[in-house]
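how would this look folded up:
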Amino acid sequence: MGQKSKPRAGTLQFSPRKRARKLIPRVRSWSSKEDGLLGFIGYKVGSFTAITEVTDKNSRLAGKEKSYHATLIEVPPMILRAIRIYKKNQYGSRVIGDYSNFDKIPETFSFGRLTLETQPKLAGFPKKRSELVEVGFGGSNEQLVEFAKANLNKEIKASELFKGGEFIDVTSVSIGRGFQGVVKRFGIPLLPSKTEKSRRKVGSLGSWTPARTDWRVAMAGQTGYHVRTDYNKEILVTGTGNEVNPKAGWPRYGLVKSEFVVLKGSVPGPVKRSIWLRKATRAGQKQPHALKHLIYENEVMKL
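Residues are numbered from 1 along each chain as shown. Below you'll find the predicted structure:
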């Protein structure tokens with residue numbers, strides 16, 4: 001019987017594969033087609049099975065149930081604290097300052113973003129320290145200032161931004177695996193049993209000419225704890241509180257106490273990880289289906 005072979009699983013799309021600098025990563029781009037606040041911070045709770053009914057009349061599964069993997073994210077309200085003003089020059093964008101007194105804001109500036117404070121104490125797990133994050137805003141500078149004046153030091157809820165059926169982008173730091181070899185890091189096959197010295201290594205580091213190791217060669221190193229973005233995650237349903245709490249609570253998390261968002265599919269990161277939710281930058285087309293109920297360990301939760 002011949003040896004099984006396949007292309008290596010490791011992608012070269014993400015380079016370099018190094019640890020994230022911060023637990024809450026910086027979002028560098030925001031949607032240009034949306035108005036108002038463009039992002040929110042949530043906390044990953046867990047995952048379950050979502051049962052939906054296909055409502056597309058042209059589908060061969062019309063009227064039948066279909067199951068999806070779904071992820072639950074708790075989104076406690078955030079507090080607006082200030083406006084951060086930017087001005088563009090020949091070197092890029094430069095921060096002018098953070099303003100909570102709007103009478104001192106310069107009359108002309110290139111663009112601005114909002115500084116919001118998270119409230120993890122309102123979530124289901126005991127995290128005391130809040131974070132200050134910078135969130136994009138869609139609209140003119142005048143609309144930005146008016147929004148900040150109306151909501152300064154007030155709570156902003158995720159239900160004001162996201163509704164069921166729309167698409168959002170999810171950014172977070174993936175689960176850390178530490179320093180790993182090439183088999184686990186890139187998924188290369190094991191060498192034959194008669195190979196000298198080791199089996200869990202690359203067969204060749206490259207040619208003699210040129211006499212150097214190419215960056216495409218799979219090498220051991222940091223695995224996981226990387227900043228990753230998933231585009232076009234569909235919101236199945238939004239709600240509050242006890243609607244999605246199992247009888248024994250969520251493992252390693254607790255009880256959901258604030259608003260929540262249920263996303264179709266998986267989300268990078270472990271339980272309790274801070275998750276960036278932002279308006280979709282390349283929105284997809286909604287699939288016609290209706291959510292019926294959620295199942296977690298044979299426990300049915302109807303919404």
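
Averaged pLDDT, stretch 35-42. What do you get?
Averaged across stretch 35-42, the pLDDT comes to 95.

quick one: low-confidence ranges for this structure?
Across the chain, the ranges flagged by pLDDT under 70 are 1-3, 8.

Helices along that one, start to end?
For the chain, the helices defined by DSSP state H cover 141-151, 182-186.

just how off-centre is the shortest one within its chain?
The chain centre lies 24 Å from the centre of helix 182-186; the measure is CA atoms, centre = their mean, to the nearest Å.

now do the first one
Helix 141-151 has its C-alpha centroid displaced from the chain centroid by 27 Å (CA atoms, centre = their mean).

buried ones in that helix?
Buried positions in helix 141-151, judged by neighbour count with 16 or more other CB atoms under 10 Å: 141, 144, 145, 147, 148, 151. The C-beta positions use only the backbone N, C-alpha and C, and glycine is treated the same way.

picking that back up, so which of the helices of the chain is nearest residue 281?
helix 141-151 (19.1 Å; CB to CB).

which other helices and strands contact that closest one?
Here helix 141-151 touches strand 78-89, strand 111-117, strand 137-138, going by 3 or more CB pairs under 8 Å, 6 or more residues apart in numbering; DSSP states H and E.

Could you dump those into TSV with mean neighbour count and distance to residue 252 added?
Formatted as TSV, these follow (neighbours: other CB atoms under 10 Å; distance: least, CB to CB, whole Å):
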stretch	mean neighbour count	distance to residue 252
strand 78-89	18	24
strand 111-117	20	25
strand 137-138	19	35
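
now those as CSV including distance to residue 27?
Output for these, formatted as CSV (distance: least, CB to CB, whole Å):
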stretch, distance to residue 27
strand 78-89, 13
strand 111-117, 10
strand 137-138, 13
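
Which one of these lies nearest to residue 279?
strand 137-138 (7.6 Å).
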